[in-house]
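Asker: Fold the following for me, if possible:
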Amino acid sequence: MILFFGTRPGKPETKKLFNSTCPYCQQQGTLIAISQKNYFHIFWIKLFKISSNTTIECNHCKRGYYEDEFTEEMKRELFKTTN
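Answerer: Sure thing, here's the model as predicted:
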């Protein structure tokens, strides 16, 4: 019997952060949060989430921010939009 199992990424989810300001270029409303989740699968059927990764990018200056670089304003806006 052959058993196919492993991990694979899910579809990325994007959210626009309207009330957050980019710390680099000081433009408001230009930030987009991109969330990527990784799932464990058997026979290409997702069973459970094993990790997630969120980055934020500014559409004006193209600066990217990882989770440890998020400002309090970014965190507030991101968690407000996910709930």
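
Asker: I'd guessed Gln28 sits against Leu17; true?
Answerer: No - counting by CB atoms under 8 Å, Gln28 stays clear of Leu17, with 9.4 Å between them. For glycine as for every other residue, the C-beta is placed from the backbone atoms N, C-alpha and C.

Asker: Can you point out the helix or strand that includes Thr54?
Answerer: Here Thr54 sits within strand 45-58, counting by DSSP states H and E.

Asker: Could you list every helix and strand in contact with that strand?
Answerer: For strand 45-58, the packing partners by 3 or more CB pairs under 8 Å, 6 or more residues apart in numbering; DSSP states H and E come out as strand 31-42, strand 64-65, helix 72-82.

Asker: And those: which comes nearest Thr54?
Answerer: strand 31-42 (4.7 Å; CB to CB).

Asker: who's in contact with Ile50?
Answerer: Ile50 makes contacts with Thr7, Asn38, Tyr39, Phe40, as judged by CB atoms under 8 Å, 6 or more residues apart in numbering.

Asker: Show me what the helix or strand harbouring the first one is in contact with.
Answerer: Secondary structure from DSSP H and E places Thr7 in strand 5-9. Applying CB under 8 Å, 6+ apart, the set of residues contacting strand 5-9 from outside is Gln36, Lys37, Asn38, Tyr39, Phe40, His41, Ile42, Phe43, Trp44, Lys46, Ile50.
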